[in-house]
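Chemist: next come a sequence and a model predicted from it.
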Amino acid sequence: MNLLKRVDPIIYKLVLAEEKRQKEVLEMIPSENYTSKAVMEALGTVLTNKYSEGYPHKRYYQGNRIIDDIEMLAQERAKKLFKVPYVNVQPLSGSPANAAVYMAILNPGDKIMGLSLAFGGHLTHGAPLTFSSRFFKSVQYTLGKDKLIDFTEVEKLALKEKPQVIVCGFTAYPSIIDFERFGEIADKVKAYLLADISHIAGLIVAGVHPSPVNYAHIVTTTTHKTLRGPRGAMIMVTDKGLKKNPDLAKKIDSAIIPGLQGGPHDNQTAAIAVALLEASKPAFKRYGQQVVKNSKALAKHLVAFGFDLVSGGSENHLILIDLKNKNVNGAVAALALETAGIVVNKNGVPFDTNPPFYPSGIRLGTPAITTRGLSQKDMIKVADWMHRTIEEVKGVDLPTDKEKRKEVWKAKKAEIVKNKKLLDIAKEVKNFTAKFPIG
Ligand code: DSN
């Protein structure tokens, strides 16, 4: 980064500061990861200079011979890895990918049926205030009392509402998803089944989560979560999808361009190709397996410390903790943990009665710390740090009145970030993470 240092020392310093931050903490936001140096090198290449609206051999601009090769390689690698007949690697990220799917298969006013955001769905799965509920009708399913998908309810709702698309694949669901059952329900009401596997793509590749490919018509995924690539996304159409609608692939291509996007980010496409190559190696399988082993081990230790885990544990890469029994909300807990060097996000829990900015829970996961090389034996340490941190802020209460809450929260925040015990834990975390270099 010598040139960056000379040209823009301010940005250079900020990048270094962020690099240091990422090294010295336990990054446990379950949608984040450390991508490889090879992926980052591909991102920082001359490919960023090119415009290439269109698709390989069908571009609007000249000069795309090499870009064509790169995009086709990314497509081929994705098809092979996920065992699908078609893939579009141009979506700029996950939300644009889902928007393109809706544009391809729905008319304005058609119905989307997805899991409510408050229960672990995603903004683009029909959440209020988003394009997915403003331009389309949205019906949302929730979870059963056991915090798992209640397929009887999902089926009942689908039969009643007759949506054009059912969306499955979640952002805060610690259990295995039964894609086969979703497929049966979608078929029963003649809906498309969209499986958004953004969180679990890497686990599917590693064989530690079932694949939706035999049951869904369309599969979307981001490329930067458990798949460990650059920021980006892909849309895949399955054989089942092409059987339902032989034009589906063409429709998706047209939804991306000219429908929603302009030129793809070719440096991103190349980096996706690199990540897909890395994901095809045996080492990646071991990585995915270890992510789940770590998550299960951490869940077990957290339960032993009296944490209330949604659905009782973890079957994938993530853990959702309901903090009500610890008498602290997710916002306070997340700030305290960050102060202690453990980065998670505040999150609603199923049936939460608290507002999204001060929800009852936190969400965390093991993809990034597993990339650094942590294993099951380290999870007791992580759980212990979390336990000590939460003990320190137990009982920190925020008023329900909005104005008062703002004021009290400001004062509490200032106290939490200076808390000596939390800062001591951060030092322990820093010493510990030094043993696990990044990249
Ligand atoms: N921001 C992603 C996540 O954290 O799950 C979803 O878009």
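Modeler: That came through fine.
Chemist: so which bits of the stretch 301-439 of the chain are right by the ligand?
Modeler: For the stretch 301-439 of the chain, the contact set with the ligand under CB under 6 Å from any ligand atom is empty. All C-beta atoms are positioned from the backbone trio N, CA, C, and that covers glycine.
Chemist: where do the strands sit along the stretch 301-439 of the chain?
Modeler: Along the stretch 301-439 of the chain, counting by DSSP state E, counting those that start in this stretch, strands occupy 308-309, 318-322, 342-343, 345-347, 361-365.
Chemist: what packs against the second one?
Modeler: On a contact count with 3 or more CB pairs under 8 Å, 6 or more residues apart in numbering; DSSP states H and E, strand 318-322 meets helix 282-304, strand 308-309, strand 361-365.
Chemist: other residues contacting the shortest one?
Modeler: Applying CB atoms under 8 Å, 6 or more residues apart in numbering, the contact partners of strand 308-309 are Pro174, Ala299, Leu302, Val303, Ile319, Leu320, Ile321, Asp322, Leu323, Lys324, Asn325, Lys326.
Chemist: pick out whichever of those sits closest to the ligand.
Modeler: Distances from the ligand to the contacts of strand 308-309, taken as CB to the nearest ligand atom, are shortest for Leu320 (11.6 Å).
Chemist: which residues sit in contact with that closest one?
Modeler: Gly120, Ala172, Tyr173, Pro174, Leu309, Val310, Ser311, Asn347, Val349, Gly361, Ile362, Arg363.
Chemist: what bridges to the fifth one?
Modeler: According to DSSP bridges, the partner residues bridging Leu309 are Ile321.
Chemist: kindly report the same for the last one.
Modeler: Taking DSSP bridges as the rule, Arg363 bridges to Leu320, Asn345.
Chemist: residues contacting it?
Modeler: Per CB under 8 Å, 6+ apart, neighbours of Arg363: Ile29, Pro30, Ala172, Leu318, Ile319, Leu320, Ile321, Val344, Asn345, Lys346, Asn347.
Chemist: for the first one, which three-state class applies?
Modeler: Secondary structure, DSSP: H, G, I helix; E, B strand; the rest coil: Ile29 is coil.
Chemist: once you drop chain neighbours, what's closest to it?
Modeler: Asn345 (5.3 Å; CB to CB, 6 or more residues apart in numbering).
Chemist: identify the residues contacting the one you found.
Modeler: So Asn345 contacts Ile29, Ala334, Ile362, Arg363, Leu364 (CB under 8 Å, 6+ apart).
Chemist: how many neighbours does the closest residue to Asp266 other than its chain neighbours have?
Modeler: Excluding the flanking residues, the one nearest Asp266 by CB to CB, 6+ apart is Leu47, at 4.2 Å. Using other CB atoms under 10 Å, Leu47 is surrounded by 19 other residues.
Chemist: now swap in Val87 and tell me
Modeler: Neighbours of Val87 (other CB under 10 Å): 24.
Chemist: check contacts around it.
Modeler: Taking CB under 8 Å, 6+ apart as the test, what Val87 contacts is Gln75, Ala78, Lys79, Met234, Ile235, Met236, Val237.
Chemist: returning to that earlier point: buried deepest among the helices and strands packed on strand 318-322, which one?
Modeler: Among those, strand 361-365 has the highest mean neighbour count (mean count of other CB atoms under 10 Å), at a mean of 28.
Chemist: any idea how far the ligand is from the nearest residue to Asp352 once chain neighbours are set aside?
Modeler: In this structure, Asp352 finds its nearest non-sequential neighbour in Ser360, 5.0 Å apart by CB to CB, 6+ apart. Distance of Ser360 to the ligand, computed by CB to the nearest ligand atom, to the nearest Å: 18 Å.
Chemist: pretty sure Ser31 is touching Thr171, no?
Modeler: Yes - using CB atoms under 8 Å, Ser31 is in contact with Thr171, at 7.1 Å.
Chemist: anything in contact with each of those two?
Modeler: Ser198, His199.
Chemist: whichever residue of the chain sits closest to the ligand: what's it in contact with?
Modeler: Relative to the ligand, the nearest point of the chain is Ser31 (3.3 Å; CB to the nearest ligand atom). Ser31 sits next to Thr171, Ser198, His199, Thr222, Lys225, Gly365 when contact means CB under 8 Å, 6+ apart.
Chemist: the fifth one: helix or strand, and which one exactly?
Modeler: If you go by DSSP states H and E, Lys225 is not part of any helix or strand.
Chemist: near the ligand, which residues of the stretch 101-250 of the chain? Just list them.
Modeler: Residues of the stretch 101-250 of the chain lying near the ligand (CB under 6 Å from any ligand atom): His122, Thr171.
Chemist: change it to 5 Å
Modeler: Thr171 (CB under 5 Å from any ligand atom).
Chemist: and the strands in the stretch 101-250 of the chain?
Modeler: 111-115, 137-141, 165-168, 192-196, 218-222, 233-237.
Chemist: what residues are up against Ile177?
Modeler: Applying CB under 8 Å, 6+ apart to Ile177 gives the contacts Ile149, Cys168, Gly169, Phe170, Ile200, His209, Pro210, Pro212.
Chemist: which of the residues you listed tops the neighbour count?
Modeler: Of the contacts of Ile177, with other CB under 10 Å as the count, Ile200 tops at 31 neighbours.
Chemist: out of everything not next to it in sequence, what's closest to that residue?
Modeler: His209 (4.9 Å).
Chemist: still on that earlier bit, might you report the residue contacts of the residue nearest to Asp352?
Modeler: Asp322, Leu323, Lys324, Asn329, Gly330, Gly348, Val349, Asp352, Thr353, Asn354.
Chemist: quick revisit: in TSV: the contacts of Ile177, plus pLDDT.
Modeler: Below are the contacts of Ile177 laid out as TSV (pLDDT from 0 to 100):
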residue	pLDDT
Ile149	98
Cys168	98
Gly169	97
Phe170	98
Ile200	98
His209	98
Pro210	98
Pro212	98
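Chemist: Gly109: which of these is nearest?
Modeler: Distance to Gly109, by CB to CB, is smallest for Cys168 among the contacts of Ile177, at 22.3 Å.
Chemist: kindly state the beta-bridge partners for the closest one.
Modeler: Ala195.
Chemist: which residues does it contact?
Modeler: Cys168 touches Gly114, Leu115, Ile177, Phe179, Phe182, Leu193, Leu194, Ala195, Asp196, Pro212, Ala216, counting by CB under 8 Å, 6+ apart.
Chemist: including distance to Asp424, could these go into TSV?
Modeler: Below are those laid out as TSV (distance: CB to CB, whole Å):
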residue	distance to Asp424
Gly114	43
Leu115	40
Ile177	40
Phe179	45
Phe182	47
Leu193	50
Leu194	47
Ala195	44
Asp196	41
Pro212	45
Ala216	48
